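Undergrad: Any chance you could fold what I've pasted below:
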Amino acid sequence: MTAKSSLRGILFALWLPMFCCSYAAGQSTGAATENEAWPEADFHVEFPSHLRLLTFAGVEQAVGYPFQQWYAAAALEYQFKPILRPHWINIDPDKEHYLLFGGGYEFLRTTHSGQVSHEDRITMDATPGFRPLSRLLLRDRNWVEFRWIDGGYSTTYRNMVSAEGDARVHGVRFSPYGTAEIFYDGQKHSWDQEWYTAGVLWPYKRIVMLDTYYRRERCPTCTPQNWNAGGLSLHFFFGNRE
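TA: Below is the predicted model:
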């Protein structure tokens, strides 16, 4: 396959989630929309035998709206079957495997219009992935949250499909990506949220990666119904290197 056809395939796979993001924004213009910033720090520790520890913390801070959410989490993940097809090695070892399975715990503290709530989550996830092209990674994350919000229990299922490409310009490597995620609320018995994300990953050696992105969130049953989020995540990688 030529470099030109490979690039076309990457651009097409990344274009679809971005188009959905723009379409969702256009469809909900008349609904209440707010803006927020979303900084986060992630720490990945790789152990022998394909086991990985992830811890992260961050904040969702609304701009000109009374909403703020702090969160912190830790999770263990097992990586099944490495991807052997020739490709540029990813700084994130999770993306070097066909299947991930794991679980963790997350705590959230939310302040919304002066009201404070606390949430505990137990999470489980399974993420298959493959490379149809050497510079294109496709994944499908399936995520279940067992949630206790101020003592009240509920369950949420989240499905996120993603496309990530690899590129290099003037010696600088980066990975544009797009995702589309839908949420099923067990308490409401409905698919009630949609998140569309477009971003770029900026790896540095095999130690640090910066993730810059824009996210459009849509939830017809929430207040507000829509969010425009600008995100910045800093990932640090430690541990075993094969």
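Undergrad: Any stretches of this protein with poor pLDDT?
TA: Filtered on pLDDT under 70, the chain yields the residue ranges 1-31, 240-242.
Undergrad: and the longest strand for it?
TA: Longest strand of the chain, by residue count under DSSP state E: strand 115-133.
Undergrad: partners of that one, with directions?
TA: Paired neighbours of strand 115-133 in the sheet (DSSP bridges): strand 97-112 (antiparallel), strand 136-149 (antiparallel).
Undergrad: who touches the longest one?
TA: With contacts defined as Cβ atoms under 8 Å, 6 or more residues apart in numbering, strand 97-112 is touched by 50, 52, 54, 66-83, 94, 116-130, 145. Any C-beta I mention is one placed from the backbone N, CA and C, and that applies to glycine too.
Undergrad: Of those, grab the buried ones for PyMOL.
TA: Buried residues among those (16 or more other Cβ atoms under 10 Å), as a PyMOL selection:
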select buried, resi 50+52+54+67+69+71+73+75+77+79+83+94+119+121+123+125+127+129+145
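Undergrad: List the contacts of the longest strand of the chain.
TA: In contact with strand 115-133 (Cβ under 8 Å, 6+ apart) are residues 1, 6, 9-10, 73, 75, 77, 83, 85, 87, 94-95, 97-110, 137-150.
Undergrad: next one: stretch 210-217
TA: By Cβ under 8 Å, 6+ apart, stretch 210-217 touches 21, 24-25, 38, 193-202, 204, 226-235.
Undergrad: same check, this time on stretch 64-72
TA: When contacts are defined by Cβ under 8 Å, 6+ apart, stretch 64-72 is touched by residues 34-36, 55-62, 106-114, 224.
Undergrad: One more pass at 6 Å, please.
TA: Contact with stretch 64-72 is made by 34, 57, 59-61, 107-113, as judged by Cβ atoms under 6 Å, 6 or more residues apart in numbering.
Undergrad: one step back: quick one, which of the strands paired with strand 115-133 gets closest to C219.
TA: strand 97-112 (13.3 Å; Cβ to Cβ).
Undergrad: Buried residues, the closest one. List them.
TA: Buried, per 16+ other Cβ under 10 Å, within strand 97-112: 97-98, 100, 102, 104, 106, 108, 110.
Undergrad: mind putting these in JSON lines, distance to M209 included?
TA: Shown next, in JSON lines, are the buried residues of strand 97-112 (distance: Cβ to Cβ, whole Å):
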{"residue": "H97", "distance to M209": "17"}
{"residue": "Y98", "distance to M209": "21"}
{"residue": "L100", "distance to M209": "17"}
{"residue": "G102", "distance to M209": "19"}
{"residue": "G104", "distance to M209": "20"}
{"residue": "E106", "distance to M209": "21"}
{"residue": "L108", "distance to M209": "24"}
{"residue": "T110", "distance to M209": "28"}
